[in-house]
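Participant: Okay, sequence plus prediction incoming.
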Amino acid sequence: MLSFLAPVADAVADAAAHGGGTPAWAMLAYLASGVFFILALRGLSSPATSRAGNRNGMVGMAIAVVTTLVTHDIANIVEIGIAIAIGAIIGIVIARRIAMTAMPELVAAFHSLVGLAAVVVGWAAYLNPGAFGLLTDAGIGAVSKVEMGLGIAIGAITFSGSVIAFAKLSGRMKGSPILLPGRHVINLGTLIAILVLTGMFATAAASGTMPLIVALTVLAFIIGFLLIIPIGGADMPVVVSMLNSYSGWAAAAMGFTLGNTAMIITGALVGSSGAILSYIMCKAMNRGFLSVIAGGFGADASAGGGGPVEQRPYKQGSAEDAAYMLEQAESVIIIPGYGMAVAQAQHALREMTDLLEEKGVEVKFAIHPVAGRMPGHMNVLLAEASVDYDKVFELEDINSEFAQCDVAFIIGANDVVNPAAKTDKSSPIYGMPVFDVDKAKQVFFIKRSMGGVGYAGVDNDVFYMDQTVMLLSDAKKIVEEINKALD
Amino acid sequence: MDFISILSIFVLACFVGYYVVWSVTPALHTPLMAVTNAISSVIIVGGLIAAAEAGSDIAKWLGLAAVVLASVNIFGGFAVTERMLAMYKKKDK
């Protein structure tokens, strides 16, 4: 009855004949797994479909793992089961316990694991090429060795780079850039050396490859470290996205080595995902990708902005003043930044939103693409505090509304509201898209003190505008005081 | 599979990735990173093969190590994504 499918089955069998012994159904299963991963990302186009998307991802992963286990010798299934169980317990415990504010460092830590896994798999394939069907008459084929070498190199860079990013994001290492003299020459030289070693590794006779692959691995670990240490804290959204991309390319390179469709599709998806996020982040800062990667931004806080900053008069207010003005307003736009995350002020802020809405004030949130330490960081924190996502807007969707809004409420953000980005060509942040808070009738600016002037080290004219009231305090504390006054 | 077939799949998948990722709403960029993290751990397949096949003891242990690392990521990544996505909601009105 299904005889019309015979040509398809023949084609599949034919494909499998070239697949190094992988049965046809297994190759189809890996393909299905890749399709489920595509659907997983597709689901994220809206919060409503996102959870179904995540389930698709799990299904895809289950298919890939089961297919691999079934098609291979499962003599030591117990050991493998234990290995998976150990990983599962660690992973789930971390995922349950992690605070939402710590998400950037968690993601960096996870990236490092993918990178390390790629290195380890690459080495396993090098040591036991027969298991992966990589053996030809003359040892491992040259193309396989190039793929293997690149996979190990990208994996190692991802690993050590992510470890540094993790250390910086979690405060275990100072966030400010560490600049080595002649670092560009060192980095470029190391990268070239890695490529040359890969070429030598691919063409060397089987007996002489060991020192080459060792050198390759070590150099790649070093370059990952060197690439990230000169990059400062606020450029971390780009770094985290970039490492996300690398972890994808590492998986793809391994997919090439093993001829595995699921790995190649996933690697390509993750690689492009990270690349697109890096692009969005760079564009939101109006900076070239290369200049971010070259690092050093924000190393010298006194530079830029045109000479020493003179003391200018500003108005300071209290929580009661703010509560009074907020109550009277018809519309309020809240602009959260990294400072809100540091102060953990999202829950207090949600409470303030609720109180204001009870009084008939319309409250919206405006989020800059680079607010926080990773893409979408602010959105997750607001979601954690149960802020309705319909009230949260992106820069381009809300920027025209500042001219009509009564109060702009800036909490823990600075550079993203600095009008110098629009007017001052000498400013280091010139050209960066910013919120037009200067058009709002009234501005409340929550800031710890007048001392620090944002990450870019630029003074902000918004502080000194007639309609601006500075609320100099810890973000969470002052919002709680406002809530008390509103109640 | 021959190199050209693999390369074809790879190039086409890059394009699929490009269009799919641009359609992701910016509000979900953090969950996007978490879930891409989880799925890139499909590299566990390589670890499983190395762990299962005879031929080299070191390769077997490396394989098992890769399985542990990738499992942390798979379970941790999907679980944390699920946790984040559960928080995105509209208020019942």
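Facilitator: In hand now; what should we look at?

Participant: Show me the strands paired with the helix or strand where residue A:410 lies, marking each as parallel or antiparallel.
Facilitator: Here residue A:410, judged by DSSP states H and E, is contained in strand A:407-411. Here strand A:407-411 is paired, per DSSP bridges, with strand A:331-336 (parallel), strand A:442-447 (parallel).

Participant: neighbouring contacts of it?
Facilitator: Applying Cβ atoms under 8 Å, 6 or more residues apart in numbering or on different chains, the external contacts of strand A:407-411 come out as A:325-326, A:329, A:331-337, A:339-340, A:345, A:349, A:402, A:417, A:435, A:437, A:440-446, A:462, A:475, A:479. Glycine gets a C-beta too; all of them are placed from N, C-alpha and C.

Participant: In the stretch 151-300 of chain A, where is pLDDT below threshold?
Facilitator: Low-confidence segments of the stretch 151-300 of chain A, defined by pLDDT under 70: A:295-300.

Participant: still on that earlier bit, run the chain-centre distance for the strand holding residue A:410.
Facilitator: The chain centre lies 26 Å from the centre of strand A:407-411; the measure is Cα atoms, centre = their mean, to the nearest Å.

Participant: what do you get for stretch A:134-141?
Facilitator: Counting by Cα atoms, centre = their mean, stretch A:134-141 comes out at 38 Å from the chain centroid.

Participant: where among the strands paired with strand A:407-411 is the average confidence lowest?
Facilitator: Mean pLDDT is lowest for strand A:442-447 among these, at a mean of 91.

Participant: Next, the distance between the ends of stretch B:45-65.
Facilitator: With Cα to Cα, to the nearest Å applied, stretch B:45-65 spans 12 Å between its terminal residues.

Participant: Which parts of it count as buried, going by neighbours?
Facilitator: The neighbour-count check on stretch B:45-65 (16 or more other Cβ atoms under 10 Å in any protein chain shown) flags B:45-53, B:56, B:59-60, B:62-65 as buried.

Participant: Contacts for it next, please.
Facilitator: A:64-65, A:68-69, A:72-76, A:79-80, A:83, A:117, A:120-121, A:123-125, A:127-128, A:130-132, A:254, A:257-258, A:260, A:262-263, B:66-67, B:69-70.

Participant: Okay, and which of these map to helices?
Facilitator: Applying DSSP state H to these, the entries found in helices are A:64-65, A:68-69, A:79-80, A:83, A:117, A:120-121, A:123-125, A:127, A:254, A:257-258, A:262-263, B:66-67, B:69-70.

Participant: Give me the neighbour count for the nearest residue to residue A:98 once chain neighbours are set aside.
Facilitator: Using Cβ to Cβ, 6 or more residues apart in numbering or on different chains and skipping the chain neighbours, the partner closest in space to residue A:98 is residue A:106 (5.1 Å). Residue A:106: 24 surrounding residues under other Cβ atoms under 10 Å in any protein chain shown.

Participant: tell me which residues in the helix or strand containing residue A:106 are buried?
Facilitator: Using DSSP H and E, residue A:106 falls within helix A:103-127. Within helix A:103-127, the residues that count as buried by 16+ other Cβ under 10 Å are A:103-127.
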